[in-house]
Structure formats: C-alpha cells, structure tokens
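>>> Pasting the sequence and the predicted coordinates here, then a few questions.
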Amino acid sequence: MSPAPQQAPQNAPQHAPTITHLPLSERLKPWLPVLLVPVLIVAGYFAIPQTSSWLTLTVSGLAMGMMIFVIASGMTLVFGLMDVINFGHGAFISFGAFVGTTVLLMLSSMTGAPSLFLNLLAISAAVLAAMVVTGAIGWGFERAIVRPVYGSHLKQILVTMGGLIVAEQMIYVLWGGQEIVILRPETLKGAITFAGATLEKYRLLAVAVGLVLFLAMRAVLRRTKLGLIVRAGVDNPEMVQALGYNITRVFVGVFIAGSALAGLGGVMWALYQEVITAHMGNEIMILVFVVVIIGGLGSVEGCFIGALTVGLMQNYIAFLEPKLALVSNIALMVAILMWRPMGMVPVVKAKG
Amino acid sequence: MNRILSGDGPKSWILAVVLLIILISLAFAPFLFPGSRSLETAARICVFIVLVASYDLLLGYGGIVSFAHTMFFGMGAYGVAIAMDRMGTSYSALALGILAGAVAAGLLALLTALLSLRVRAIFFAMITLAVASAFAVLVSQLSGFTGGEDGMNIRIPRELTPAFRPLDERVLGQRISGKLINYYVVFFGCLILFLLMLRIVNSPFGRVLLAIRENAFRAEAIGYRVVYYRAMATCLSAVIAALAGSIFAIWLRYVGPSTTLGMEIMLDILLIVVIGGMGTMYGAVVGTAIFVLAQNYLKSLMGGMSEATSALPLVPDLLSPDRWLLWLGVLFILSVYFFPTGIVGRLRGTR
C-alpha cells in the first residue's frame, strides 16, 4: 500500500458529517420511541381527573411494565440470536411462580416476621429457587424441544406450543389443579401515602427491581465482551461464528438466562397478583407478545420501552374504561405497527 | 367421482377405505347409531372436520400459523345467535346472521393479515393470539350483546327442532323429527364446504399457495404476490370457519365462549391438523374422527389405568383422565418431529 498522499486532490468533494445538515426533527426521529413513555404519562395526567389516582396508576403501570420487561427480554434476545420463536416461554413464568410460591410457603415463618431483612431473604430464596428451576427447565427445553427444529418457524411455533401444553399439564400433575393464594411478606404489605396517593410498597419494589435489572442487562450488553458477542450475534450470527465464537453455546446461555428471567418474572407476578394458576403464564404471554412485537423483535431497549408503554396503557385504560383494557393494547400494537412496521427499535439483520 | 373430489383422491387404498367408512357412518349416523348422544358426536365430527380442514387450508397449504381460528368460528356462531335474538326466529334472520358472521370474519382476517403478513409471516402467529384473546375478553364483557360468560340460547326455526314431527310412522326404526332434519342440514352443509375446500386447494390458487409454503422467496421471484395469496388464504379460511361456526350454532341451539372461543378448542384444532396430516385435507377427516372418538374412549381407558396404578406415587396423577391433554401434547411434539405429514401422509407413503 502506498502511503497516503499529503494533500487531498483539488477536485475532491467536501466531506462533512451529514448529521450537521439534518434538521432537528430528523435527528430526533430515532429517539421518538423513548419519548413515548413520558408522553403517555403526561397524557394520563390530563386524562385522569385526580392527581392522586394518576400517581397510583402510574406506579402500578410502571411496576407491571417492569415485570413484563423482565419476562419479555429473554424471549426477544432468543429470537434475535437464533431466529427462534418460543411460544412455550409462558410455561417458565408459571413454573417460576409455582416454585417460588412453594418456597415462600415453606418459609412462612420468615415471611410472617415483621422484619424487612427476613422478608427480603425469604423472597431472595424463592427467587433463586425459581430461577434455578426455570433455568434448568429452559436448558432441557432447548435441548429436547427447540434444537431439532432450528431454522423452521412453522415447526418452532408448533413444537414450542406443544411444549407449553405439556409443561402446563405437568404443573397440574405436580401441584394440583386449584389456584394457590400467596400473601405478600409482612413488611411488603400495605402502602405508603405520598402526595395524597397510596403507593403499594410491593409495586415500588417491583419498579426498583425491574429498573436495576434493565440497567444491569444494558451494562452487560454494552460494556462486557460477552455482551459484545451477544449483540454481534443478533446482528450477524454467521460472522460471529466465523470469528471463532461458538454461537450455539452463546445461544444456549441466553436461552437459559431468558428462562431464568421468566421464572423471576413469574415470582414477581405471583406476589403482585397474590394468586397463581397453571395458565397464568399463558395469560401474561399475550402482553409479552404485544411488547415484543411493538418493541422490535430482538431489541432489548425496544422491549423495555414497549413494556412500560403497555403497562401504563393497561392501567390507565383499566381505570378510565375497564372493558377496553386489553383491546387498547391491541390498538396500541396496531398503531405502532402502522407507524413502524418493524417495531419501535427495529433490529437490522445483516443477513438476508 | 374424480370431478367431485377435484382430482385429488385419497391415493391410498387404506385411506380410501377409512374415508369411506367415516363418510358412511356420518351419512347414516341417525340410523346406524341411534341415541341422542351418538348423534351429538356425529354432528360434532362433521363440524370439526370443516373447521379443521379450513385451518389446514391456512397451516398446511399456506404455511401460516394462526391462533385466531376459534375467533372466526365464534364469529359465525355469534352472528347467527345475535341475528336471531334481535330479529326474531325466521329463515331470513338466519341467512342474515350467517352472512354477517362470515363477512365480519373475512374482514377481520383481512385486516389482521395485512397488518402482520406485510411485515413478517411470524408476526401473524403472535398477533392472532393477541387479537383472539382480546376478542374472547370482549365477548365475555359485552354481556348485554353476547350474553357474556353464560352465552345465548338460540331459537331456531321450528322445522329444525325435535318438536317438529312431519311423519307419524317410523322410517328404518327411527322417528323422523326436526332433529334429524337438522342433522342432515349439518351433514350436507359440512360436506359441501369440505368439497369446496378440496376444490380450492386443487385450483391454481392452491398450487401457488403450496409454492409459497415451499419457498416464499422463489414464488415472489417468479412473480406471485406472496402477501396477496397469503391474505386471501387467511380470508378464505376465516370465512369457512365462520360458516362452520354458524352450522354449529344451529345444531347446538346455543352459543357461549366455552363452546366456540376457548383456547382448548384452538389447541384441539392444532393437534388434529398435525396428527391427521398437514396439507392433505383428508387429514382433517381422519384426524377429527380419531380425535373425537379418542376423547370419548381414551379418557375412560386412562381412568381405568389410573385406578389400576393407584398404589404407585405420581403415576396415577399422570394417568388421570384430566391429564389427557398432557399425553396429546407429547404425541403432538413427537408427530411434528417424526411424522410431519401425519397419518394421511404416512398412509400415502410420502416420507
């Protein structure tokens, strides 16, 4: 290679970053989805007459959104990495909820004690047990059910749906058919009053956990080498493979992590609803699908924004017009798909 | 004969015999198997054959997974129920209800298809699941209009009810009643719809659908608008499902969320299509017959086995009749892996 010329030729075009020419509206465009959540909160403020109920609803909407995010993030990454769509994801939620509840019921002396430390310890034990179990189930699920059908969406949908049926029935076999009532630990019961609004303690905890998890996940994905490989794998798996990384192993790791997160989400949801059923996972999956679609399949950020939007929307509409809660989320999905057909934060695949 | 079957015969003599047995049993069900319970089963088989075949049109021929098929089925059923409720019992109300249900189902299918198939075929499965559950919630909440969870009883024209007795003497040992006429309305309605679908899948349109299923990219390159064909398949299948729903509503004289909209029915349809054989149409017939019979007899068998093993831990729970969905799920997964062409594909000897 010859050394670079000292002077650029006279007739070379002037290079200036095109971004400087873009008007503000164009530059804001990629950030528009991020603005959706504050816009929705403000819209809710004007639509709901009392400020106190608006505050309560916002907190519970955020709590719900965070839980949906915890559940949906694994699924969206799994799709991004290996083009695998897992309809059986809901089973991990149910399993997580049942395992967590069983542990909490066993530790009833700890959950009943009026000590925050003991309560949190019991919840941590429940969460850990749930995540270990669902992670293990996820590993088996990937091996036995998903691996033989790589590359065929049709078969994936069918087989994972079959896996969901079997997993749900196994819950019936192991825990029986009736729903189980689980009460929140002593110190997380009740609510605190802030600016005239009652904010349930548990919901605040859920928001905090979700936020911490999102930031941690973002840090792992942005700052660590593992995150780099995962992100590169989402963009172009073949290239990552060619560079010498075992993309299948990365994928299995993400699948297990995603299943474990669904288990965590299941425990959180169980304590949110305070009652669990075998088909609860399937019910939540409706919202998870909406979130994953509007966020953009494969995008963690999109998933986060989508989850918060759906959670807030669900709570606001349920207050204003209870009958339209679920329909409003479908309407939201339709509107967003018309606006951005690939989701709010589209994942551009390098492959065809 | 070849013309009636649109040139798409069973292509296997075992299959031909099985199909013939099913056809004859259904055609003469009231005389061969007297009793109202077996007549109920026969009518159910007829309706489900059409429902499953219309799903096969979408899944087996179009290669699209939908979870909203029961929604379209329910729209047909509710169309009849609501029309009869509002306009009173008459044949014109019946016709209007059937038409309204079918048109509504077709339009909703078109909207869903255009929204999701335009982007990615895989979105369709998720979006239909969401839309169907929203629809089910809406139906149970708008109780003033749909009867809510309780559903609605339908007052059908008197000629179709058991109270109608056109003849005093018995024919072949059977009393001729409106119930019998109603059964034959169901039977011939379903037969016509099934033959119509056989015609559709063997038309040039059906061939293009198959081409798209095999290789969407290539079909697009040859010059077929993939989205158009997939959307049309969705609409056709939705309309036929709605018609099947109308027939079912007329037969049951009742419509409710559990009989038409439930997720269980959707899973049943999925299982029948895969076990019977995707993309064969006849798979729907064989699959439904086996499934409905299994539902009746396998459950009692499992009950017996559960009692026999009651001394062992966990095994009786696994074998309890309530858990038959567990074994169907296992069977379903295994058949997707090992017999992707189902019973009919096996009999025809394709792979």
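Alright, I've got the coordinates. Numbers count the residues shown, from 1 in each chain, chains lettered A, B, ... in the order given.

>>> give me every residue that touches the most centrally placed residue in chain A.
The centroid of chain A falls nearest to residue A:69 when counting by CA atoms, centre = their mean (2.3 Å). Neighbouring residues of residue A:69 by CB atoms under 8 Å, 6 or more residues apart in numbering or on different chains: A:210, A:213-214, A:291, A:303-304, A:307-308. C-beta: built from backbone N, CA, C; applies to glycine.

>>> Recalculate using a threshold of 7 Å.
A:210, A:214, A:303-304, A:307 (CB atoms under 7 Å, 6 or more residues apart in numbering or on different chains).

>>> got it, and residue B:343?
Listed by CB under 7 Å, 6+ apart, the contact set of residue B:343 reads B:275-277, B:283, B:286-287.

>>> for residue A:211, same thing?
residue A:66.

>>> Residue A:71 is in contact with residue A:262, isn't it?
Yes - counting by CB atoms under 7 Å, residue A:262 is a contact partner of residue A:71 at 5.1 Å.

>>> Could you report the neighbour count for residue A:260?
For residue A:260, the neighbour count with other CB atoms under 10 Å in any protein chain shown is 25.

>>> Would you check how far apart it and residue A:227 are?
Look at residue A:260 and residue A:227: by CB to CB, to the nearest Å, they are 17 Å apart.

>>> What of residue B:242?
For residue B:242, the distance to residue A:227 (CB to CB) stands at 49 Å.

>>> These two - which one has more neighbours?
A direct count of neighbours by other CB under 10 Å for residue B:242 and residue A:227 places residue B:242 higher, at 32 against 15.

>>> Spit out the contact partners of the more buried one.
B:72-73, B:75-76, B:101-102, B:105.

>>> quick one: it is in a strand?
No - under DSSP: H, G, I helix; E, B strand; the rest coil, residue B:242 sits outside any strand and is assigned helix.

>>> List the buried residues in stretch A:313-321.
A:313-319 (16 or more other CB atoms under 10 Å in any protein chain shown).

>>> what does chain A put close to chain B?
Residues of chain A lying near chain B by CB under 7 Å from any CB of the partner chain: A:85, A:145, A:148, A:153-155, A:157-159, A:161-163, A:165-166, A:169, A:172-173, A:286, A:289-290, A:293, A:323, A:326-327, A:330, A:333-334, A:337, A:341-342.

>>> Select only the buried ones of these in ChimeraX?
Under the burial definition 16+ other CB under 10 Å, those of those that qualify are selected in ChimeraX by:
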select /A:85,145,153,154,155,157,158,159,161,162,163,165,166,169,172,173,286,289,290,293,326,327,330,333,334,337,342
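
>>> how about stretch B:260-267 against chain A, any contact?
Yes - for stretch B:260-267 and chain A, the contact criterion (CB under 7 Å from any CB) is met by residue B:267.

>>> Outside of that stretch itself, list whatever touches it.
A:165, B:67, B:69-71, B:73-74, B:77, B:136, B:139, B:245.

>>> Confirm residue B:80 sits in a helix?
Yes - assigned with three-state DSSP, residue B:80 falls within a helix.

>>> who touches residue B:177 in this structure?
Contacts of residue B:177 by CB under 7 Å, 6+ apart are B:162, B:164-165.

>>> now, which of those residues sits nearest residue A:45?
residue B:162 (60.5 Å; CB to CB).

>>> so the closest one, which of the three states?
coil.

>>> Assign the closest residue to it other than its chain neighbours to helix, strand or coil.
Nearest non-adjacent residue to residue B:162, counting by CB to CB, 6 or more residues apart in numbering or on different chains: residue B:179, 4.3 Å away. With three-state DSSP as the basis, residue B:179 sits in helix.

>>> What's the separation between residue B:179 and residue A:143?
Residue B:179 is 53 Å from residue A:143, by CB to CB.

>>> quick one: which of the two has more around it?
residue B:179 (18 against 12).

>>> pretty sure that one is in contact with residue B:164, am I right?
No - using CB under 7 Å, residue B:179 is not in contact with residue B:164, being 8.3 Å away.

>>> picking up where we left off before, identify, from the contacts of residue A:69, the entry nearest to chain B.
Chain B has its nearest neighbour among the contacts of residue A:69 in residue A:303, at 13.6 Å by CB to the nearest CB.
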